[in-house]
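**Q** Any chance you could fold what I've pasted below:
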Amino acid sequence: MTRILGISGSLRRASYNSALLRTAQGMMPEGSTLIEGSIADIPLYNADEEQAHGLPPAVETLKSQIEDADGLLLFSPEYNNSIPGVFKNAIDWTSRPAGDISRVFGAKPVAVLGASPGGFGTILAQDSWLSVLRTLGTRSWWSGRLMVARAANVFDDEGRLTDKQIRQRLETFLAGFVAFAATPRD
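**A** Okay, the predicted model is just below:
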């Protein structure tokens, strides 16, 4: 069984990215599963707090989930043409202490996808993740891209994906990423 961890980079209750993650959970290819991680209880990073108290429990949980997963999907919103601060903050915390980076992220298959109310989807946020993922030593998958533009038109009020074309693109994306994540590392 290929275990993929999905993390939504939004805290909003009616988040399009969280809705996309929940939709993906029900569309995973046979022999794979998508587990939802959370950034909701992760505080702002403060090195003084880390030194005084160690890692917060929510960070420890997310780090363990990342480490245990065969692959990581980042469902990233785009704020001001880049990565949402709350999402980057969570990833920064999970890279602490620095000596853990290779254990948690090293050669980890990772892909970024996202939904946005805007017309360009999340293309700039996805591009912004590249340097972060490279620095963490991940094995990033860029063979497929999924940027859901005008998300208000493809999800209903209950957060269900109603657009058949986006649903097909998501299914193709998930199949490609799971195949990539299941490929033995060099």
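
**Q** how deep is residue 26 tucked in, by neighbour count?
**A** Counted with other CB atoms under 10 Å, the neighbours of residue 26 add up to 8. Yep, even glycine has a C-beta here, placed from its N, CA and C like the rest.

**Q** what residues are up against it?
**A** Taking CB atoms under 8 Å, 6 or more residues apart in numbering as the contact definition, residue 26 lies against nothing.

**Q** Got the confidence number for it?
**A** Predicted confidence (pLDDT) at residue 26: the value is 97.

**Q** Please enumerate the helices of the chain.
**A** Taking DSSP state H to define them, one finds helices in the chain at 16-25, 47-53, 57-68, 85-94, 101-105, 123-135, 164-182.

**Q** nearest to residue 147, of the ones you listed?
**A** Distance to residue 147, taken as CB to CB, is lowest for helix 123-135 among the helices of the chain, at 5.4 Å.

**Q** and that closest one, what's its mean pLDDT?
**A** Regarding helix 123-135, the rounded mean pLDDT is 96.

**Q** So which bits of it are buried?
**A** With burial defined by 16 or more other CB atoms under 10 Å, the residues of helix 123-135 counted as buried are 123, 124, 125, 126, 128, 129, 132, 133.

**Q** Report the contact partners of the residue nearest to residue 94 when sequence neighbours are not counted.
**A** Distances taken as CB to CB, 6 or more residues apart in numbering place residue 63 nearest to residue 94, at 4.8 Å, with adjacent residues excluded. By CB under 8 Å, 6+ apart, the contact list for residue 63 reads 55, 94, 100, 104.
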